[in-house]
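Trainee: Return atomic coordinates for the entry below.
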Amino acid sequence: MRCLAVVRSTLPLNGAGAYNAPLQQNHQAPPQLMNFLAHLLLSGPPSAPHYTDIVVGNFAAEAVRGRAAVAAYPPAVQQGIRLHRFIDSFTDQHPAVRRTTARLRQAGLGKWAGVAADVGYDHLLARDFGLYHPPETLPAFAQRHYELLHQRRHELPARLQHLLAYMRRDDWLSGYARPEGLHRALLGLSRRVPAAEVLATGAAAFLAELPAYEEDFWEFWPELRAAVAQTHFTN
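Mentor: Predicted coordinates:
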């Protein structure tokens, strides 16, 4: 939800012609942080119409800015972009998420509290993935989406093509499940985004009050999932 918006400066904004942008030849790793797991899981069941297009749009959305850039994609991919925006908006307004963010802000995260909250929630989702998505293990889900996105990588903005290569190589989605993965993700961002050094403390702050954050997430996630199903996957 919000963490991608906070780190948009690490992704080049594409214009209408960036739909087929080439992969950047750049050996500097992108920030090891993006709360992609929740967005991918909310892209619908694989049996849903246009599922792969929706996944591509949901993944690409934060690097696709402006009406012309969105319009450059096919309608089904645009549906995924709209889904991503809906998830972000719902998340930002939810009282449980606001409680989490306020608590992290008080713990010293300041304006970066929303980033820590988003990645912390992905940690909880990954940790208990079998409860939220019984049909697949987290590694199987992750590998299926890496392959899907890799096959469609040339449809992504260039910076996301580059990021996907690292995401796939290092298996970021499965890494979220472990506390050290949460720490590594926030530490990586703290080193790469200007003025975000405080994120190095984000994992410790989140884990220090884990039961409170679990309660917030357990309230928030079912309501988000129901809202997505009602607004985007109901005929």
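
Trainee: List the buried residues for stretch 81-90?
Mentor: For stretch 81-90, burial by neighbour count (16 or more other C-beta atoms under 10 Å) applies to 81-84, 86-88, 90. Any C-beta I mention is one placed from the backbone N, CA and C, and that applies to glycine too.

Trainee: Equivalent analysis for stretch 43-51, please.
Mentor: Under the neighbour-count criterion of 16+ other C-beta under 10 Å, stretch 43-51 has 43-44, 50-51 buried.

Trainee: out of those residues, what pair is the most spread apart?
Mentor: Spanning the widest gap among the buried residues of stretch 43-51 are S43 and H50, at 10.2 Å by C-beta to C-beta.

Trainee: Could you list the low-pLDDT ranges of this protein?
Mentor: Across the chain, the ranges flagged by pLDDT under 70 are 1-34, 234-235.

Trainee: Helices of that one, start to end?
Mentor: Secondary structure of the chain (DSSP state H): helices at 2-6, 36-41, 51-60, 67-71, 75-93, 95-104, 113-127, 129-132, 138-151, 158-170, 172-175, 179-192, 202-208, 210-232.

Trainee: what angle sits between the third one and helix 158-170?
Mentor: Read it as helix 51-60. 100 degrees (axes from the mean of the first three to the mean of the last three C-alpha atoms, to 10 degrees).

Trainee: Report the distance from helix 51-60 to the chain centre.
Mentor: Between the centre of helix 51-60 and the centre of its chain there are 12 Å (C-alpha atoms, centre = their mean, to the nearest Å).

Trainee: tell me the angle of that helix relative to helix 138-151?
Mentor: With the same axes, to 10 degrees defining the directions, helix 51-60 sits at 90 degrees from helix 138-151.

Trainee: try the longest one
Mentor: In this structure, helix 210-232 runs at an angle of 50 degrees to helix 138-151, with the same axes, to 10 degrees as the basis.
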